[in-house]
Structure formats: C-alpha cells, structure tokens
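Visitor: Show me the folded form of this:
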Amino acid sequence: MQSEAILFEEIKPSVGLITMNRPEKLNAINEEFVDSFDSIMEKLQSNDSLRVVVLTGAGRGFCSGADLTEVVSRAGHELFTSAEKFLMKVQERFSNLVTALRKIPQPVIAAVNGPAAGGGFALALGSDIRLASPGAFFVASFINIGLSGGEMGSSYLLPRLVGMSRAAEILFTGRRVPADEAERIGLVSRVVPQDRLVDEAVSLAQTLLQKTPGGLLLTKRVLDLNASAPSLGAAIEVENRNQTIMAVSSEFFKMVKAALP
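Guide: Okay, here's the model as predicted:
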C-alpha cells in the first residue's frame with residue numbers, strides 16, 4: 001500500500017496515515033500520484049482493521065494541485081484537443097480522487113500543513129475534518145489558470161462548509177484563504193502549531209476510535225447523504241434507519257451501560 005508519490009503507514013493501531021510525498025513539488029498531483037492514491041483508496045475500502053485515516057503532505061506543503069510543469073509539457077497533446085478524451089483520461093481521474101476519499105468507510109482527518117491549492121484544496125474539502133497549521137492557506141486556484149472555479153467537488157463541498165456567499169467569493173477570486181480566516185469561517189475546525197499538527201490529528205483519531213465501528217461508518221454516511229437531503233423529513237428517515245440498525249447491534253447496550261454514572 002505504498003509508492004514514492006504516496007506513503008501509507010498504520011501510525012497507531014487502527015489509525016492510518018497517508019502522506020502525499022512529492023515535497024520538491026509541494027506534493028503536486030501527477031499520474032503516479034493519482035495511481036497511488038487510487039490504489040490506497042481501493043484497499044481502504046475493504047480494510048476493517050483501519051478505522052480512521054489522517055491525510056497530510058510531506059515537507060512544507062499539503063498539496064499544490066495539478067503538476068503544472070507536466071501539464072505544460074503536454075501542450076498540443078491529443079488529450080487537449082479532444083473533449084471526450086480529456087474528460088475520460090484526465091478530468092474524471094482527477095475528480096475521482098475526492099469521490100474515492102468520500103467513499104472509504106473511515107473518517108478522514110486532513111492535517112493541512114501548508115499550501116492547499118487546486119486539487120489539494122479539493123482534497124482538504126473532501127476530508128471529514130480539517131486541522132491546519134498557522135502557515136497553511138487554501139486557494140481555489142482553478143479560475144487563476146483559465147478554468148472554472150468549480151472543480152473536484154469544490155462547488156458542492158465549499159458552500160456547505162462556509163456558506164454560499166463566502167464560497168462564491170473564494171471560487172470567483174481564486175485568492176488565498178489563510179489559516180486564521182479558514183478557522184473563523186468554518187473551513188477548518190482549528191489551527192494547531194506546526195510541530196503538533198499530525199500528533200493532534202492522530203489524537204483526534206484516537207478519540208474517534210472510542211466510538212463503535214458502526215457508529216463512525218453510519219455517521220460518515222448520514223453526513224454525506226443528508227448534505228443534499230430534499231427535506232428535514234427525508235433527513236430524519238435516514239437517521240431513523242441508522243439508529244435502528246445501531247440499536248439492535250451488540251454494542252449498543254454495552255455503550256449505554258458504560259455511560260451510566
């Protein structure tokens with residue numbers, strides 16, 4: 001479950017650490033990155049022993065998005081002259097990084113240790129919880145390179161975190177959102193000193209491990225489903241199903257008894 005572009009380790013029992021590992025490129029996304037990330041996501045889908053995942057970047061960046069050097073080197077390539085080929089071989093592969101991150105059963109904690117731009121911004125958005133170092137910043141840089149501001153789920157995920165007006169301003173301008181502002185507007189849960197960032201993310205992961213596997217799994221699913229629920233009633237129906245499943249599980253009364261004074 002490892003390659004040069006993406007490193008994976010079980011940093012604590014039941015806690016996986018994914019490190020985007022192209023530090024000389026601020027962990028920019030290239031084909032090797034995509035292949036490695038896809039492989040790790042596929043294996044996490046069926047890994048019941050790993051219950052929480054921390055995602056971070058090597059060196060001084062989280063992820064700077066697509067490797068623009070490689071993009072420029074492919075100018076004139078047939079992929080950029082055929083919309084159909086570009087969609088299938090580039091766009092859908094890149095966007096699947098976020099889709100795959102959302103589909104794994106484990107909650108994902110992003111430890112954003114530096115610039116999170118473009119696709120890196122989207123990966124942070126696609127995580128379940130975000131912590132950031134003081135020097136981290138977020139950039140929806142797509143519009144700055146001639147694309148639209150909506151990429152890899154950003155137009156869906158960002159408004160749900162910070163509200164439509166703030167999301168529109170961030171996507172239209174492509175400006176930097178520093179860590180302190182990100183915390184203030186709800187883009188990240190909190191800002192943590194750089195030297196404690198991953199440790200804090202792992203500590204949070206260990207807090208989650210105190211919950212039941214089913215409780216974590218169904219909480220992740222209900223947050224995904226109800227982000228676009230058509231009504232309060234529809235959202236409660238999903239919650240009712242989940243609670244019924246958990247109430248008849250073997251863990252429910254154990255946890256209830258443990259919670260009693």
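Visitor: show me what contacts Gly214?
Guide: 245-246, 249, 251 (C-beta atoms under 8 Å, 6 or more residues apart in numbering). Placement of C-beta: from N, CA and C, glycine included.
Visitor: from those residues, which is closest to Leu208?
Guide: Proximity of the contacts of Gly214 to Leu208 was ranked by C-beta to C-beta; the top entry is Glu251 with 14.8 Å.
Visitor: Please tell me I have it right and the closest one contacts Lys211.
Guide: No - the criterion here is C-beta atoms under 8 Å, and Glu251 misses it with Lys211 at 9.5 Å.
Visitor: Comparing those two, which residue is more hemmed in?
Guide: Comparing Glu251 with Lys211 by other C-beta atoms under 10 Å, the one with more neighbours is Lys211, at 16 against 13.
Visitor: What's the local residue count around Glu9?
Guide: Using other C-beta under 10 Å: Glu9 sits among 12 other residues.
Visitor: Likewise for Met88?
Guide: Neighbourhood size, Met88 [other C-beta under 10 Å]: 12.
Visitor: and the gap between it and Ile29?
Guide: Met88 sits 17 Å away from Ile29, taking C-beta to C-beta, to the nearest Å as the criterion.
Visitor: Quick check: closest non-adjacent residue to the residue nearest to the spatial centre of the chain.
Guide: A centroid search over the chain (C-alpha atoms, centre = their mean) returns Ser127, at 2.5 Å, as the residue closest to the centre. Distances taken as C-beta to C-beta, 6 or more residues apart in numbering place Ala110 nearest to Ser127, at 3.7 Å, with adjacent residues excluded.
Visitor: cool, and Thr212?
Guide: In space, and not counting its chain neighbours, Thr212 is closest to Glu251: 4.5 Å by C-beta to C-beta, 6+ apart.
Visitor: Per-residue confidence, that neighbour, what does it come out as?
Guide: What the model reports for Glu251 is a pLDDT of 86.
Visitor: Which residues are in contact with it?
Guide: 212, 214-215.
Visitor: so where do the helices sit in the stretch 51-200 of the chain?
Guide: 68-73, 83-86, 92-103, 119-126, 154-162, 164-173, 179-185, 197-208 (DSSP state H, counting those that start in this stretch).
Visitor: Between these, which one is closest to Ala132.
Guide: Once these are compared by C-beta to C-beta, helix 179-185 is nearest, at 4.4 Å.
Visitor: Might you report the residue contacts of Arg130?
Guide: So Arg130 contacts 109-110, 112, 124, 182, 187-189 (C-beta under 8 Å, 6+ apart).
Visitor: let's go with 10 Å and repeat that
Guide: Counting by C-beta atoms under 10 Å, 6 or more residues apart in numbering, Arg130 touches 55, 62, 108-112, 116, 124, 136, 138, 161, 182-183, 186-190, 201.
Visitor: and what of Ala227?
Guide: Ala227 sits in contact with 156-157, 160, 235, where contact means C-beta under 10 Å, 6+ apart.
Visitor: Between those, which sits nearest Gln206?
Guide: Nearest to Gln206, judged by C-beta to C-beta, of the contacts of Ala227 is Leu157 at 25.9 Å.
Visitor: Excluding covalently adjacent residues, which one is nearest to that closest one?
Guide: Closest to Leu157 by C-beta to C-beta, 6+ apart is Leu125, at 4.1 Å.
Visitor: per-residue confidence at that neighbour?
Guide: 98.
Visitor: How about the contacts made by it?
Guide: Taking C-beta under 10 Å, 6+ apart, we find Leu125 in contact with 98, 101, 110, 116, 138, 140, 152-154, 156-158, 160-161, 187.
Visitor: Same check on Ser228?
Guide: Going by C-beta under 10 Å, 6+ apart, Ser228 touches 156, 160, 234-235.
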